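J.: A structural model of the following input is requested.
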Amino acid sequence: MIAHRRSIYNAQGFPSKGLDYFLGKIRKYREDGYETPVIVSVCGIPEPDVETSYEELKQLIRELNPYVDGFVWNPSSPNTEELKYLRRVENFRRAAETISEISGDKLKIVKLWPYDHDKNHWIEACGAWLEGGGDGFSALNTLTVPKKDVPSEEWGYPTAGVSGKLLRGRRSSAVSTLRSEFPDSVIFSAGGIDSKREAEREFKIGATALKGYTPYTFHGFGLLRELVSGAKDVVKTTGLKLSEYQEALKLDCATQKQN
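T.: Residues are numbered from 1 along each chain as shown. Presented below is the predicted three-dimensional model:
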């Protein structure tokens, strides 16, 4: 992993410590009295075949469901080659159905990839996700680039996933497309949102909420205050109420208590 010009290049795949480790953490979190909403990212690996991924997905949802408030299905990591088999339209529908059967009406989001060359397929897959019971989308995941575009002579992989500033144009285009195609969906905007101005723009073009990772590695968690300020300004100018956002997200954030 390397950082360059407010973007991060990585080839990590899914660096998770596993389900048992996470369950231990989330159980303790709840036992300690924390009620803040938790939306967890999940995905089964389709190896040796796609059916394996659904068995893993069912196990993940069953065991996590008592402790979390929603799920993000992530079939779009560019550094996990096998995930490409899950990006077929029928798998988007089936994944949403699988999660819905176990989790009921909890929030269900799918994490999307940039659509440089397959926009029609991308839109069709998104529609299938909603038809299967999904609520919306996270746009976007990292962008795949070849080794020659990685700013490091020592990079040891044929490709890399890029997050952060380089995603901005693609991110905003995806959010606009999703809001136009699926006007009632929940849309999380993600990809280099590192200022009040960026936050305001995403809400104005249709985002329901913001996600982030890379910006906080450069700016720290103090960035949250600036982004919240941008969100509040948009709410004031549009006349929307916080309760409307919470209703869309199926979360009662205002009443959550923390010790």
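J.: CA atoms for contacts and neighbours, from now on please.
T.: Will do.
J.: Please, where are all the helices along the stretch 101-250 of the chain?
T.: 119-131, 168-181, 196-205, 214-219, 223-238, 242-249 (DSSP state H, counting those that start in this stretch).
J.: would CSV of those helices with distance to residue 48 and mean neighbour count be doable?
T.: What follows is the helices of the stretch 101-250 of the chain, written out as CSV (distance: least, CA to CA, whole Å; neighbours: other CA atoms under 10 Å):
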stretch, distance to residue 48, mean neighbour count
helix 119-131, 23, 18
helix 168-181, 32, 19
helix 196-205, 39, 19
helix 214-219, 32, 18
helix 223-238, 41, 16
helix 242-249, 35, 15
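J.: nearest to residue 13, of those helices?
T.: helix 214-219 (15.6 Å; CA to CA).
J.: list the helices and strands that closest one packs on?
T.: strand 159-164 (3 or more CA pairs under 8 Å, 6 or more residues apart in numbering; DSSP states H and E).
J.: hey, C-alpha coordinates of the strand it packs on in PDB?
T.: Provided in PDB are the C-alpha atoms of strand 159-164 (Å, rounded to 0.1, in the frame of the first residue of the first chain):
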ATOM      1  CA  THR A 159      -2.500  -4.100 -10.900                       C
ATOM      2  CA  ALA A 160      -3.600  -1.900  -7.900                       C
ATOM      3  CA  GLY A 161      -6.800  -0.500  -6.500                       C
ATOM      4  CA  VAL A 162      -6.900   3.200  -6.200                       C
ATOM      5  CA  SER A 163      -9.100   5.100  -3.700                       C
ATOM      6  CA  GLY A 164      -9.300   8.700  -2.700                       C
END
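J.: pLDDT of it, averaged?
T.: Over the span of strand 159-164, the pLDDT mean works out to 90.
J.: In its sheet, which strands sit next to it, and in what direction?
T.: Taking DSSP bridges as the criterion, strand 159-164 pairs within the sheet with strand 7-10 (antiparallel), strand 143-146 (antiparallel).
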